[in-house]
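Colleague: Pasting the sequence and the predicted coordinates here, then a few questions.
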There are 2 protein chains.
Amino acid sequence: MKRAKHRSDCPTNFTLEILGDSWSLLIIRDLAFKGKSYYGDFLDSDEKISTNILANRLNMLEVERIIKKTQDPNKKSKIIYRLTNKGLDLLPTLIEATLWGAKYYPKHNAPKKFIIRARDNRVEFIKEIRTKLKGKI
Amino acid sequence: MKRAKHRSDCPTNFTLEILGDSWSLLIIRDLAFKGKSYYGDFLDSDEKISTNILANRLNMLEVERIIKKTQDPNKKSKIIYRLTNKGLDLLPTLIEATLWGAKYYPKHNAPKKFIIRARDNRVEFIKEIRTKLKGKI
């Protein structure tokens, strides 16, 4: 899955080569904001990702060390997905992308409180989510 | 070009439906960070975007009112592309995506000073770029 060659050495391009599609950041959103961690949870999201795209993206995100798989301690056959530190470092990008969407799509269904905190108390908000998710790693 | 129906009403999804590909944010990078404004300038970037993808993305970004076209005052037949206010509001997302890339792709070729300012002096840095680009609108 690793790319032999990048299109350029620009850091913006690097991020887009990994995450520049319309699904990968939604999986990261589910992990970061929605408390989701199972394959079936991601399938259940409103956007209705197909199982083949989901499997492909989870594999890519694991290869890129943005997420990692662990065994569910309560049910050994079940796999839990978690963000790694590299994945948690995507929180600022994810939040800014979400704030832009919230501003230009007034019909959005994100809780008002979430948007206001992300916008007005950004650093603390990110730290809080990070701490919560770190506890799970 | 307008989507009749969104996959969901999530604001993150809204942003990804518009910008979730590996090229659109590179055009915005060129406009925001590289002082580019002509069709040929975008074609010249290191990533070597093809002319059909470029034309498609410029059209989409214009339909979404993220960029706008104006006539070059010095050469009427030439078109200048500029970020709108909606486009300028993507600066935080663009910068966070770039910082993540810079952190995890140490071989990147962005000026050190740029990365350090974006990381350590974010608000002021965004304001500065905004003011510079606003002068051009």
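Modeller: Great, that's in hand.
Colleague: Now for A:Gly40, how many residues are close by?
Modeller: 10 (other CB atoms under 10 Å in any protein chain shown). Backbone N, C-alpha and C define where each C-beta goes, glycine included.
Colleague: And it, which helix or strand is it part of?
Modeller: Element membership for A:Gly40 (DSSP states H and E) is helix A:39-43.
Colleague: try A:Gln71
Modeller: Per DSSP H and E: strand A:67-72 holds A:Gln71.
Colleague: after the helix holding A:Gly40, next one along is what?
Modeller: Following helix A:39-43 toward the C-terminus (DSSP H and E): helix A:51-63.
Colleague: Give the buried residues for that following helix.
Modeller: A:Leu54, A:Arg57, A:Leu58, A:Met60, A:Leu61 (16 or more other CB atoms under 10 Å in any protein chain shown).
Colleague: just stretch A:28-46 next, same as before
Modeller: So stretch A:28-46, judged by 16+ other CB under 10 Å, has buried residues A:Ile28, A:Arg29, A:Asp30, A:Leu31, A:Ala32, A:Phe33, A:Lys36, A:Ser37, A:Tyr39, A:Phe42, A:Ser45.
Colleague: Could you check the pLDDT of the first one?
Modeller: You'll see A:Ile28 listed with a pLDDT of 98.
Colleague: what's near enough to touch it?
Modeller: A:Leu61, A:Ile66, A:Ile67, A:Leu83, A:Gly87, A:Leu90, A:Leu94 (CB atoms under 8 Å, 6 or more residues apart in numbering or on different chains).
Colleague: In TSV, list those along with distance to B:Ala102 and pLDDT.
Modeller: Listed next are the contacts of A:Ile28 as TSV, based on distance: CB to CB, whole Å; pLDDT from 0 to 100:
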residue	distance to B:Ala102	pLDDT
A:Leu61	20	98
A:Ile66	16	98
A:Ile67	21	98
A:Leu83	19	97
A:Gly87	17	98
A:Leu90	13	98
A:Leu94	17	98
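Colleague: same for chain B: which of those residues are within range?
Modeller: A:Leu90, A:Leu94 (CB under 8 Å from any CB of the partner chain).
Colleague: most residues in a single strand of chain A, which one?
Modeller: In chain A, taking DSSP state E as the definition, the longest strand is strand A:75-83.
Colleague: In what element of secondary structure is the residue nearest to the spatial centre of chain A found?
Modeller: What sits nearest the mean C-alpha location of chain A, by CA atoms, centre = their mean, is A:Ile28, with 1.0 Å. Applying DSSP H and E as the criterion places A:Ile28 in helix A:24-33.
Colleague: quick one: strands adjacent to the longest strand of chain A?
Modeller: As defined by DSSP bridges, the strand partners of strand A:75-83 come to strand A:67-72 (antiparallel).
Colleague: re the thing from before, please state the offset of the longest strand of chain A from the chain centre?
Modeller: Centroid separation for strand A:75-83 versus its chain: 16 Å, with CA atoms, centre = their mean, to the nearest Å.
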